[in-house]
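>>> here's a sequence, model it:
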Amino acid sequence: MMDEREYPKRKQMRLPAYDYAENGLYFITVCTRIRGQEVLCSVGDGLCAVPPGSVCLTELGQIVDQAIQNIPSLYEGVSVDTYCIMPDHIHLLAALEAGRDRARPLPDIIGRMKSYTDWQYRLLGAPFGPKLWQRGYYDHVIRNQCDLRNTRQYILNNPQKWIQDKEP
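Predicted coordinates for the structure are as follows:
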């Protein structure tokens, strides 16, 4: 039997001692286990029927899109400010709004979205392996208006950046 000290250490993804149920804006990135493939969408590069810089959601991408749109109806005081579904990841800017009863903690919200879409993925036959999402997710607490503006711009420009990154 392995001693606890023999387990590999995982990088801590959350801010220590930060309450993720607090009101605020959170920039979240969730990655699929299958990196570099068009699992959730394709991004138009001008060479296909999809206009340059626009996304064309796969069936699975449409399920993820609907799950993101449903977040506000599932959680009082939570709204989705901006989001973008990319071929192998999603970017999401979520607001836990002031003046509301205490909202569900952010890990619960993202966990439920991932769990639901993973279940739907398996119903589609799990074409890319047993699980859709990587373990965990990345988050960034939005600290000021400049940070908010830059984050929104990053999310909106991500499809174009995807095309640029693919160019030789």
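>>> tell me which residues of stretch 108-115 are tucked away?
Buried positions in stretch 108-115, judged by neighbour count with 16 or more other C-beta atoms under 10 Å: 109-110, 112-114. To be clear about C-beta, it is placed using only N, CA and C from the backbone, and glycine gets the same treatment.
>>> can you check stretch 114-127 too?
Of the residues in stretch 114-127, 114, 116-117, 120-121 count as buried by neighbour count, 16+ other C-beta under 10 Å.
>>> for stretch 64-77, same thing?
Neighbour-count burial for stretch 64-77 flags 64-65, 67-68, 71, 75, 77 (criterion: 16+ other C-beta under 10 Å).
>>> so, low pLDDT: which residues of the chain?
For the chain, the stretches with pLDDT under 70 are 1-22, 45-53, 98-104, 167-168.
>>> quick one: the helices in it?
59-74, 106-123, 145-166 (DSSP state H).
>>> TSV for the ones you listed, including distance to residue 27?
TSV is the format used below for these (distance: least, C-beta to C-beta, whole Å):
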stretch	distance to residue 27
helix 59-74	14
helix 106-123	11
helix 145-166	5
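>>> which of the buried residues of stretch 114-127 lies closest to residue 84?
Nearest to residue 84 among the buried residues of stretch 114-127: residue 117, at 15.6 Å, using C-beta to C-beta.
>>> quick one: residues contacting that closest one.
60, 63-64, 67, 132-133 (C-beta atoms under 8 Å, 6 or more residues apart in numbering).
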